[in-house]
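Chemist: have a look; sequence and predicted model below, questions after that.
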Amino acid sequence: MSRIGRQPVVIPAGVTVDIAEGNKVTVKGAKGTLERVLPTEMTIKVEDGHVIVTRPNDLKKMKSLHGLTRTLIHNMIVGVSQGYEKVLEVNGVGYRAQKQGKKLVLSLGYSHPVEMEDPEGLETAVDGNKIIVKGISKEKVGQYAAEIREKRAPEPYKGKGIKYIDEVIRRKVGKTGKK
């Protein structure tokens with residue numbers, strides 16, 4: 001059983017955490033500000049440089065909300081202090097990625113280039129065949145990276161498509177000719 005919820009979240013220097021009515025948590029740091037309304041069942045307190053989350057009872061739902069609430073706060077703190085990034089890789093002959101202002105233009109073997117506008121608070125960079133998505137919200141970075149990957153997911157025969165840099169594609173054996 002995970003005991004993640006019981007661990008206090010350390011607040012690094014230069015980061016402020018405010019808890020308002022209805023468990024509305026605001027985290028301010030060097031990279032920006034994040035706000036989120038967390039489950040009202042949990043009790044969130046800031047004590048001497050730590051955020052402590054406590055649950056009212058040991059029901060299964062409360063246990064799972066406890067760990068979730070603590071992890072969401074931790075992700076917000078890491079986001080405003082260090083930020084998050086996901087790296088995707090474009091593989092395939094003629095498959096390309098370019099940046100045009102705030103647009104990401106992908107050539108993925110379709111009859112037209114695929115254009116994607118950078119969402120609010122995120123930025124993308126193209127380095128050769130790599131696409132780097134950066135931002136302070138872990139959720140938004142992961143979602144946008146998933147949307148980019150979705151445009152042409154890697155196929156199992158040649159491995160063409162857009163994949164995460166650390167993703168391993170299970171390869172399949174193709175057809176064999178007659179003997």
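Modeler: Yes, it's here. Numbers count the residues shown, from 1 in each chain.
Chemist: how about the helices of this protein, start to end?
Modeler: If DSSP state H is used as the criterion, the helices of the chain fall at 60-81, 138-150.
Chemist: please list all residues in contact with residue 26.
Modeler: If a contact means C-beta atoms under 8 Å, 6 or more residues apart in numbering, then residue 26 has 17, 18, 19, 20, 33, 34, 35 as its contacts. C-beta: built from backbone N, CA, C; applies to glycine.
Chemist: type out the ChimeraX command that picks the buried ones from those residues.
Modeler: In ChimeraX, the members of the contacts of residue 26 classed as buried (16 or more other C-beta atoms under 10 Å) are selected with the following command:
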select :17,19,34
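Chemist: nearest to residue 128 among the contacts of residue 26?
Modeler: Relative to residue 128, the closest of the contacts of residue 26 is residue 34; by C-beta to C-beta it sits at 31.3 Å.
Chemist: that older thread, which one of the contacts of residue 26 is nearest residue 84?
Modeler: Each of the contacts of residue 26 was scored against residue 84 by C-beta to C-beta, and residue 34 proved nearest at 11.3 Å.
Chemist: how about the contacts made by residue 81?
Modeler: Taking C-beta under 8 Å, 6+ apart as the definition of contact, the neighbours of residue 81 are 12, 14, 15, 29, 30, 31.
Chemist: quick one, strands of the chain?
Modeler: Counting by DSSP state E, the segments of the chain that form strands are 9-10, 16-20, 24-28, 33-37, 43-47, 50-54, 84-91, 96-100, 103-107, 114-117, 122-127, 130-135, 161-164.
Chemist: quick one: which of those is nearest residue 72?
Modeler: Among the strands of the chain, the nearest to residue 72 by C-beta to C-beta is strand 33-37 (6.4 Å).
Chemist: now that closest one and helix 138-150, what's the angle there?
Modeler: If you take axes from the mean of the first three to the mean of the last three C-alpha atoms, to 10 degrees, strand 33-37 sits at 100 degrees to helix 138-150.
Chemist: adjacent strands (with direction) for strand 33-37?
Modeler: Taking DSSP bridges as the criterion, strand 33-37 sits next to strand 24-28 (antiparallel) in its sheet.
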